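1. I would like to see how this sequence folds:
(2 chains, ligands or ions: 1)
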Amino acid sequence: MSLGLRDLRSESLLPGTSACPGCPENMAMRMVGMSLGKDVVMVVVAGCSSVIQGIGPKNAYGYPVLNIAFAAGPAAASGMWRAFKQRNKNVTVVVWAGDGGTADIGFASLSGAAERNEDFIYLCVDNEAYMNSGGQRSGSTPHGAVTSTTPEGKKENKKELLFIMLDHNVPYLATASVGYPHDLIDKLRVAKEIQGFRYVQVLTPDPYGWLFDPSKTAEVGKLAVQTCYWPLIEVIDRKVKISNESLHCLKKETRRPLKDFLSVQGRYKKLSEKDYQELENYVDDLWERIISML
Amino acid sequence: MMKVISGNEAVALAVKLARVGVVGIYPITPQTTIIEELAEMKARGEISTDVVRVESEHSAMGVTLGAAVSGVRAFTATSSQGLLYMHEMIWWAAGSRAPIVMVVATRAVGAPWNIWNENTDFMSERDSGWIMSFASSPQEALDLTIQAFRISEDPRVFTPMMVGMDGFILSHTKTNVYIPSQEEVDQFIPPRRQPYVIDPETKESMGNIFQPYHYMKLRQSIHDAINESKEVITEVGREYEKLNPLTDYKTLNVSYKLEDADFAVVTMGAWSLDAMEAVDRLRDRGVNVGLYRVRYVRPWAEEEIIQNLGDKKAILVFDRATSLGRAGPLYLEMKATLDNPMKGVIAGLGGVSMGKKDFYEVISRFVEESKEGRLKGVEWYYPREVKEVELGTPRSSI
Ligand code: SF4
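-> Reported below is the predicted structural model:
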């Protein structure tokens, strides 16, 4: 598998970013370059990625970037692709946003753009907290996780963007994890060829917020999928397809124990037995719903 | 061509004549009929403009900015709460030096709810880095909107521009408006120019984190561009006479019977015409008074103001806006420009109507006060029937 990756060149990430070591967003950005090619314009909303990009007027991404306020990404992208269309230019517009920008402050404009079926790819890099400002909880933070604003562990479940976006009936929707680069690259390549609103949510395990060793980013990204905490799916024209890496999740017996994913992270250190049960239920519900859609 | 239309229709026509590429639209009273008219034009096939029906004013400016930085002419319009909701993006557009045009049909801001006219919404954007003009008639709303595209896209400026007009009073009132032809406007506004275009060819990026010194220099560049736009504005104004010979845009602001006047009244927007009639009546009675109408809030026409008002015995500034706890913003701006004895009057907030009689009363009193050397700083003026109204606040019931 790794051989294939080496063959894929990417200039989407230039040397000299200000990312932390082991940053999952850098990994995802490289994979975007591997799949979407050159004719891309990025809209980067506030978040780690606007810092990773480095200090202006320099830009560590190999793409032209419009950096924009937290809640305005999908709106700006709507204006952009329409402008390119008027200028007869074939450009793939990509919004790059974190989970805070997606699930919380930017949700209205995301929902609006999806409803209008705007022609761009919305990529949510989900590290399950506001990492850029010091790791505060977001709507996408899972139950039980300790963050700097939930020191006792979050009491609510993760906001299920996957289903919310499914209900918008967009032409393309997928989930991916930086632990499985081939899967993400394939999905983005499919997304590139589809017209209209495309939503891709990538799990980006963050060593600094999730509290694991930075060398383990890819591994944690894999564990999330193997334990079925993070489903890998693809929805084209309302047809749900489970990616190979997640097929074993269809049956409870074949799932890897959730403990294997939780125990490698410091953010679950305050997890009680009850919290653990809550998370297991969350995973069961998630899959029950996915199975009901097949 | 002359046509009887409202201010909002005039603005929609200006957008059509300017061949705008993308408009982001969201309804809010009293701006709504602008975007309705644009949607109608689109449905009738009269414009090739991409009309994007967004989910909020924040997004309206987001779409407009996205389209503008990607190389097409872009427009939006809003009012009141909508303008405030858009506030963050207004700054983002200014910091991007993106030529964008927006019309604000002014309206009071809640709480409590009030749909009537006031200029505080517009005036509270003074610090954001836009060029800001303010119309006094549907004709000016059309003229200034057309001019705004040319001014904001001038390489000496490259700054977004907003055009204000009094909500309902201008937005919904129909009057005779002279409309230039499409050919004339095509000649008047050159093809889109902008400081940079974001696309894979140009590789331009914008908006990422900047060092403090770069940031500060960028802020100054906006400040300088706005100041230096004065020359462009008057140049564009002079040339506009080819399109509409009936108007006068040779200067930023407008003087009326000022030259020989001892006393000056300063106004902005639609009620200037009522104030002018009051000035006429006072002149008939031998009172030596003239009027100065502010048409540009940004840039601030410092030199023009000093030249026109510097020698006046006393100045009266009318504000249809407030900076609560201080004074009216126009009064504060004038105070910072002139050393003359000055009085400020806050009036007409939230749709309280001000007629010729009211202007006559306030101006007469001001002339007397100044003759007697007892000019007060700032006064809130209520027309006769409103004076009697009691405000039943929770405190007054204790
Ligand atoms: S905090 Fe996390 S996502 Fe942000 S730059 Fe560091 S590793 Fe990357």
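
2. need the contact list for A:E219.
-> By Cβ atoms under 8 Å, 6 or more residues apart in numbering or on different chains, the residues touching A:E219 are A:G179, A:V264. Where you see a C-beta, it was placed from the backbone N, CA and C, and this is true even at glycine.

3. And for B:T247?
-> B:Q139, B:E140, B:D143, B:Y178, B:Y240, B:E241.

4. where does the fifth one fall, phi/psi-wise?
-> According to degrees, to the nearest 10, the main-chain angles of B:Y240 amount to phi -70, psi -20.

5. How about the fourth one?
-> For B:Y178, the backbone dihedrals (degrees, to the nearest 10) come out as phi -80, psi 120.

6. For the stretch 101-250 of chain A, which segments are assigned as strands?
-> With DSSP state E, counting those that start in this stretch as the criterion, the stretch 101-250 of chain A has strands at A:121-126, A:172-177, A:198-203, A:233-236, A:239-242.

7. Check whether the first one comes near chain B.
-> I take that to be strand A:121-126. No - taking Cβ under 8 Å from any Cβ of the partner chain as the criterion, strand A:121-126 and chain B are apart, separated by no less than 13.6 Å.

8. Let me know the angle separating that strand from strand A:172-177.
-> Here the directions of strand A:121-126 and strand A:172-177 differ by 30 degrees (axes from the mean of the first three to the mean of the last three Cα atoms, to 10 degrees).

9. ok so, going back, minimum distance to B:V72: which of the strands of the stretch 101-250 of chain A has it?
-> For B:V72, the closest of those is strand A:121-126, at 21.0 Å, according to Cβ to Cβ.

10. Apart from its chain neighbours, what residue comes closest to the one residue in chain B that gets nearest to the ligand?
-> Using Cβ to the nearest ligand atom, the single residue of chain B nearest to the ligand is B:I209, 13.1 Å away. Once flanking residues are discounted, B:I209 sits nearest to A:I55: 5.4 Å by Cβ to Cβ, 6 or more residues apart in numbering or on different chains.

11. if I look at that neighbour, how far off is B:Q211?
-> 6 Å (Cβ to Cβ, to the nearest Å).

12. out of those two, which sits in the busier spot?
-> Neighbours were counted for A:I55 and for B:Q211 using other Cβ atoms under 10 Å in any protein chain shown; A:I55 has more, 14 against 11.

13. correct me, but that one touches B:Y215?
-> No - judged on Cβ atoms under 8 Å, A:I55 makes no contact with B:Y215 at a distance of 10.4 Å.

14. Run a quick neighbour tally on the nearest residue to A:K252 once chain neighbours are set aside.
-> Distances taken as Cβ to Cβ, 6+ apart place A:D284 nearest to A:K252, at 7.1 Å, with adjacent residues excluded. Counted by other Cβ under 10 Å, the residues lying close to A:D284 total 14.

15. Flag every buried residue along the host helix or strand of A:D284.
-> According to DSSP states H and E, A:D284 maps onto helix A:273-293. Neighbour-count burial for helix A:273-293 flags A:D275, A:Y276, A:E278, A:L279, A:E280, A:Y282, A:V283, A:L286, A:W287, A:I290 (criterion: 16 or more other Cβ atoms under 10 Å in any protein chain shown).

16. how about the residues of the stretch 101-250 of chain A that lie near the ligand?
-> Applying Cβ under 6 Å from any ligand atom, we find that the stretch 101-250 of chain A lies next to the ligand at A:N127, A:M131, A:N132, A:D206, A:P207, A:Y208.

17. quick one, what contacts the nearest residue to the second one once chain neighbours are set aside?
-> Right, the one you point to is A:M131. Closest residue in space to A:M131, ignoring its immediate chain neighbours: A:G209 at 4.8 Å, by Cβ to Cβ, 6+ apart. With contact set as Cβ under 8 Å, 6+ apart, A:G209 has these partners: A:N127, A:E128, A:A129, A:M131, A:G135, A:T147, A:R267.

18. From those, keep the buried residues only.
-> Among the contacts of A:G209, the ones that count as buried (16+ other Cβ under 10 Å) are A:N127, A:E128, A:A129, A:M131, A:G135, A:T147, A:R267.

19. What confidence value was assigned to B:A98?
-> The confidence metric pLDDT takes the value 97 at B:A98.

20. burial of it, as a residue count?
-> B:A98: 24 neighbours (other Cβ under 10 Å).

21. What about A:H143, how many residues nearby?
-> So A:H143, with other Cβ under 10 Å, has 18 neighbours.

22. Hmm, A:K158 and it touching each other?
-> Yes - between A:H143 and A:K158 there is a contact under Cβ under 8 Å: 7.1 Å.

23. overlap in contacts of the two?
-> Listed as contacting both A:H143 and A:K158 by Cβ under 8 Å, 6+ apart are A:Y282.

24. which residues touch A:L232?
-> A:T175, A:A176, A:S177, A:Y180, A:D183, A:V225, A:I242, A:S243, A:E245, A:S246 are the contacts of A:L232 under Cβ under 8 Å, 6+ apart.

25. With adjacent residues omitted, what lies nearest to the fourth one?
-> Nearest in space to A:Y180, with sequence neighbours left out and distances taken as Cβ to Cβ, 6+ apart, is A:E245 at 5.5 Å.

26. how about the residues of the stretch 51-200 of chain A near chain B?
-> A:51, A:53-57, A:59, A:61, A:63-69, A:71-80, A:82-87, A:89, A:91, A:108-109, A:111-112, A:115-116.
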